[in-house]
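Novice: A structural model of the following input is requested.
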Amino acid sequence: MAINAEHELHGRRRSRNVGLGLVLVGFIAIVFGLTVVKVKQLGAVQGFDHVVRPEMLPGEEAPK
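Specialist: Residues are numbered from 1 along each chain as shown. Now for the predicted structure:
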């Protein structure tokens, strides 16, 4: 004999979980969208590693 009756507490929990899931998916979509826009605008960005790199200086060409 299986217990089929669902208490109203389970329904409220399920709706809260679905709502939280939608909020998390929305947050992930926003972060992903901002990342895509940033990469498209800036291209490949070099990181900061505490050394002077001539290719990063404005108005000068890197030695080849």
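
Novice: All the helices of this protein, in order from the start?
Specialist: 8-42 (DSSP state H).

Novice: Which residue lies nearest the spatial centre of it?
Specialist: Taking C-alpha atoms, centre = their mean, the centroid of the chain lies closest to Val31, which sits 3.3 Å from it.

Novice: any idea how far that residue is from Leu24?
Specialist: Distance, Val31 to Leu24, using C-beta to C-beta, to the nearest Å: 11 Å. Using the backbone N, CA and C atoms, a C-beta is placed for each residue, glycine as well.

Novice: in this structure, which ranges drop under the pLDDT threshold?
Specialist: Within the chain, the ranges that satisfy pLDDT under 70 run 1-2, 43-49, 56, 60-64.

Novice: From Leu42, how far off is Leu34?
Specialist: Leu34 is 12 Å from Leu42, by C-beta to C-beta.

Novice: and Arg16, how many residues sit next to it?
Specialist: Per other C-beta atoms under 10 Å, the neighbour tally for Arg16 reads 10.

Novice: meant to ask about Leu57, not that
Specialist: Residues lying near Leu57 (other C-beta under 10 Å) number 10.

Novice: go on, Gly33?
Specialist: Residues contacting Gly33 under the criterion other C-beta under 10 Å number 10.

Novice: same check, this time on Pro58
Specialist: Applying other C-beta under 10 Å, we find 4 other residues in the vicinity of Pro58.

Novice: do Leu24 as well
Specialist: Close neighbours of Leu24, defined as other C-beta under 10 Å, add up to 10.

Novice: now Val36
Specialist: By other C-beta under 10 Å, neighbour count at Val36 equals 10.

Novice: Use 10 as the first number from now on
Specialist: From this message on, residue numbering opens at 10, which makes the last subject Val45.

Novice: ok, Gly30 to Arg23 distance?
Specialist: 10 Å.

Novice: now do Val60
Specialist: Look at Val60 and Arg23: by C-beta to C-beta, they are 54 Å apart.
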